[in-house]
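**Student:** Pasting the sequence and the predicted model now:
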Amino acid sequence: AEEASRQAEKLAALGQLTGGVAHDFSNLLQVIASGVSLLARPKLTETRQAKVIEGMQAAVESARTLTGRLLAFARQQPLAPETFDLAQRLPALSGLLRSTLGAGIRVETDTAPDLWPIRCDPTQLEVALLNLAVNARDAMPRGGTLAIRASNTRLPAEGERAAGDYVLITVRDTGEGMPPAVLARAFEPFFTTKEVGKGTGLGLPQVFGFARQSEGEVRIESEPGRGTTVLICLPRATEAAAAARDRQAAASRGAV
Ligand code: ADP
């Protein structure tokens, strides 16, 4: 849980970092673009030409440093899948969620008996639930309830999701809900309706990426005035599936 709040902080930092990078990048592109149009002029003296090229080279070099910084950041968060029992982890996590949410919000957790084990990166799952909790808090300025439930479910194939056994995690709040136009864009990176400095627009994309990489799925049901429910399904961990994945991982390591 401590690791999760550290990662959540890192995500917020990523938001600021990428925002800053995007801004710096467009300045550098500006330099290169005006360089290109200067060089396209027929009567440029050679000294002037050399100066313009020098400026463009410096801009390219800065841009390279910027992307390097982003890549270094991205590499800090590898997925480390484990097989584990969510029912055992949720109590510790709900403590963290309660302290994140503050006094005005009730946190309820409920896991079905005999919940199947899942296979995913537990820290990324915690980060995802923390992101959803922060969104729920922001949607309930006058307080309310956040309910996290987990149950076993069998799902048919649909879209990219394979048919099979899944653990369904629902995160429901009693907040303001989302109008259709917001719901439609909710998973878009950097999409936020929050004030500058409050929202990064990276919370739901993290949840989406986590679910996708874990071979699960995420969906949102939301209506203004009626609250929001985020549904995450994660594949049931089976020994056969774990063995197949290990073989695949070994093969891809061998291929590198
Ligand atoms: P951020 O929270 O930084 O804005 P997210 O990607 O987590 O970024 O969310 C994107 C947008 O989706 C939010 O700005 C908000 O408008 C909407 N949203 C997300 N979760 C909820 C929720 N539980 N209730 C109402 N609106 C939400």
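**Tutor:** Arrived safely.
**Student:** A helix includes Ser99, no?
**Tutor:** Yes: under DSSP: H, G, I helix; E, B strand; the rest coil, Ser99 sits within a helix.
**Student:** Spatially nearest residue to the closest residue to the ligand within the stretch 101-250 of the chain (excluding sequence neighbours)?
**Tutor:** Here the residue of the stretch 101-250 of the chain nearest the ligand is Gly203; by Cβ to the nearest ligand atom that distance is 2.4 Å. Where C-beta positions appear, they are placed from N, C-alpha and C, glycine not excepted. Nearest residue to Gly203, sequence neighbours excluded (Cβ to Cβ, 6 or more residues apart in numbering): Asn131, at 3.8 Å.
**Student:** So which other helices or strands are in contact with the worst-scoring helix or strand of the chain on mean pLDDT?
**Tutor:** Here the helix or strand of the chain ranked lowest by mean pLDDT, DSSP states H and E is helix 239-255, holding a mean of 71. Counting contacts by 3 or more Cβ pairs under 8 Å, 6 or more residues apart in numbering; DSSP states H and E, helix 239-255 is packed against strand 118-120.
**Student:** Just give the number of residues close to the residue nearest to Gly203.
**Tutor:** Neighbour count of Asn131, defined by other Cβ atoms under 10 Å: 25.
**Student:** List of residues touching the least confident helix or strand of the chain?
**Tutor:** Contact partners of helix 239-255, identified using Cβ atoms under 8 Å, 6 or more residues apart in numbering, comprise Pro81, Thr83, Arg119, Pro235.
**Student:** For the buried ones among those residues, write the corresponding PyMOL selection.
**Tutor:** Selection of buried members from those for PyMOL, criterion 16 or more other Cβ atoms under 10 Å:
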select buried, resi 81+119+235
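**Student:** For Gly197, state which of the contacts of helix 239-255 is nearest.
**Tutor:** Distances from Gly197 to the contacts of helix 239-255, taken as Cβ to Cβ, are shortest for Pro81 (33.9 Å).
**Student:** so who does that closest one touch?
**Tutor:** Pro81 neighbours (Cβ under 8 Å, 6+ apart): Arg119, Cys120, Asp121, Ser214, Arg245.
**Student:** One more pass at 6 Å, please.
**Tutor:** With contact taken as Cβ atoms under 6 Å, 6 or more residues apart in numbering, Pro81 is in contact with Arg119, Cys120, Asp121.
**Student:** Check the burial of Trp116 by counting its neighbours.
**Tutor:** Neighbourhood size, Trp116 [other Cβ under 10 Å]: 20.
**Student:** Where does it sit, in terms of helix or strand?
**Tutor:** For Trp116, there is no helix or strand it lies in under DSSP states H and E.
**Student:** who's the closest residue to it other than its chain neighbours bridged to?
**Tutor:** Distances taken as Cβ to Cβ, 6+ apart put Arg236 closest to Trp116, at 4.2 Å, once the chain neighbours are dropped. Arg236 forms beta bridges with Ile118, as assigned by DSSP bridges.
**Student:** Quickly note the distance from Arg236 to Ala80.
**Tutor:** Per Cβ to Cβ, to the nearest Å, Arg236 is found 19 Å from Ala80.
**Student:** What are the boundaries of the helices in the stretch 101-250 of the chain?
**Tutor:** Under the criterion DSSP state H, counting those that start in this stretch, the stretch 101-250 of the chain contains helices at 122-139, 180-185, 203-213, 239-255.
**Student:** Show residues contacting the longest one.
**Tutor:** It refers to helix 122-139. Where contact means Cβ under 6 Å, 6+ apart, the residues beyond helix 122-139 that reach it are 3-4, 7-8, 82, 84, 93, 97, 100-101, 146, 171, 173, 175-176, 203, 206-207, 210, 230.
**Student:** With the second one instead?
**Tutor:** Applying Cβ under 6 Å, 6+ apart, the external contacts of helix 180-185 come out as Phe191, Ser222.
**Student:** CA atoms only for that helix, dumped as CSV, please.
**Tutor:** Output in CSV follows, covering the C-alpha atoms of helix 180-185 (Å, rounded to 0.1, in the frame of the first residue of the first chain):
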residue,chain,number,x,y,z
PRO,A,180,-22.0,11.7,-21.7
ALA,A,181,-19.4,14.0,-23.3
VAL,A,182,-17.1,13.5,-20.3
LEU,A,183,-17.7,9.8,-20.2
ALA,A,184,-16.9,9.4,-23.8
ARG,A,185,-13.4,11.0,-23.3
